[in-house]
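Undergrad: Kindly generate the corresponding structure for this input.
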Amino acid sequence: MKISAESLADSARAASVRGLPPVHLWDPPDCGDLDIRIARDGTWFYLGTPIGRPELVRLFSTILRKDGDRYVLVTPVEKVGITVDDAPFVAVDFEAEGDALRFVTSLGDEAVAGPDHPIRVERDAQTGEPSPYILIRDRLEALIDRKSFYRLVDIGGHADHDGQSWFGLKSSGQFFPMIPSAELPEP
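TA: Sure thing, here's the model as predicted:
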């Protein structure tokens with residue numbers, strides 16, 4: 001059976017219910033890989049061309065799952081691997097709501113940073129450049145965009161974490177370390 005983005009979208013529409021489909025419950029046969037790629041900026045490509053229909057990208061995002069280190073689009077009847085350059089989502093904004101930070105992705109997903117939606121920061125080993133992420137849902141993260149990251153740095157603070165002083169963020173009663181305080185430049 002030949003798998004295409006169109007046939008996958010048809011299967012996804014047929015399986016859709018209110019809210020997110022229960023992709024964690026589905027165990028269909030693996031049908032190989034499909035030439036779909038999610039770029040670091042969140043753009044979805046099919047056969048090397050950006051997917052121009054936002055509703056189709058949103059539909060695909062609802063059937064996305066991470067199996068081990070592999071990203072797959074899954075329906076009750078088929079599963080196909082796709083390529084993800086960095087993270088499958090991009091957090092494009094956040095709001096401070098009381099002591100919580102609510103993030104929104106470019107596709108409309110929302111997550112409140114806390115124990116169920118932790119924030120983590122990876123640093124490039126050569127350049128030291130930070131890449132901040134928030135968990136959106138079951139093993140699927142969003143890269144926090146640069147403008148939001150700068151806003152987060154403005155509201156961050158210092159705290160002890162694992163016996164070391166860190167600069168980081170607090171949300172929903174949890175501290176998320178970003179960089180050891182000793183590595184911060186002097187003001």
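Undergrad: make it CA atoms for all contacts and neighbour counts henceforth
TA: Noted.
Undergrad: quick one, phi psi at Y133?
TA: phi -130, psi 150 (degrees, to the nearest 10).
Undergrad: so how many other residues sit close to the closest residue to R70 other than its chain neighbours?
TA: Residue nearest to R70 in three dimensions, not counting chain neighbours: G81, with 6.8 Å by C-alpha to C-alpha, 6 or more residues apart in numbering. Close neighbours of G81, defined as other C-alpha atoms under 10 Å, add up to 22.
Undergrad: Which strand or helix spans G81?
TA: In the assignment (DSSP states H and E), G81 maps to strand 79-84.
Undergrad: Quick one: mean pLDDT for that strand?
TA: For strand 79-84, mean pLDDT rounds to 98.
Undergrad: Tell me which strands the helix or strand following that strand pairs with, and in which orientation.
TA: Sequence-wise, the next helix or strand downstream of strand 79-84 (DSSP H and E) is strand 89-97. Under the criterion DSSP bridges, strand 89-97 sits next to strand 100-105 (antiparallel), strand 140-144 (parallel) in its sheet.
Undergrad: rewinding a little: list the buried ones in the strand holding G81?
TA: In terms of neighbour count (16 or more other C-alpha atoms under 10 Å), strand 79-84 has its buried residues at 79-84.
Undergrad: Same question for stretch 117-127.
TA: By 16+ other C-alpha under 10 Å, the buried positions in stretch 117-127 come out as 117-121.
Undergrad: what does stretch 138-155 give?
TA: Residues 140-145, 148-149, 152 are the ones in stretch 138-155 that count as buried (16+ other C-alpha under 10 Å).
Undergrad: And the helices in this protein?
TA: Taking DSSP state H, the helices of the chain run over residues 5-15, 54-62, 146-155.
Undergrad: before we move on, back to that, would you turn the buried residues of stretch 138-155 into TSV with distance to L73 and pLDDT?
TA: Supplementary listing: these in TSV, determined by distance: C-alpha to C-alpha, whole Å; pLDDT from 0 to 100:
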residue	distance to L73	pLDDT
L140	12	98
E141	15	98
A142	17	98
L143	19	98
I144	23	98
D145	24	97
S148	28	97
F149	29	95
L152	32	94
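Undergrad: from those, which two are the most distant?
TA: L140 and L152 (20.8 Å; C-alpha to C-alpha).
Undergrad: Leaving out the residues flanking it, which one is nearest to I134?
TA: Nearest residue to I134, sequence neighbours excluded (C-alpha to C-alpha, 6+ apart): I119, at 4.4 Å.
Undergrad: Let me know the distance separating that neighbour from A87.
TA: Going from I119 to A87 by C-alpha to C-alpha, to the nearest Å gives 13 Å.
Undergrad: and what of D145?
TA: Applying C-alpha to C-alpha to D145 and A87 gives a distance of 11 Å.
Undergrad: returning to what we had before: which other helices and strands does the strand holding G81 contact?
TA: On a contact count with 3 or more C-alpha pairs under 8 Å, 6 or more residues apart in numbering; DSSP states H and E, strand 79-84 meets strand 30-38, strand 70-74.
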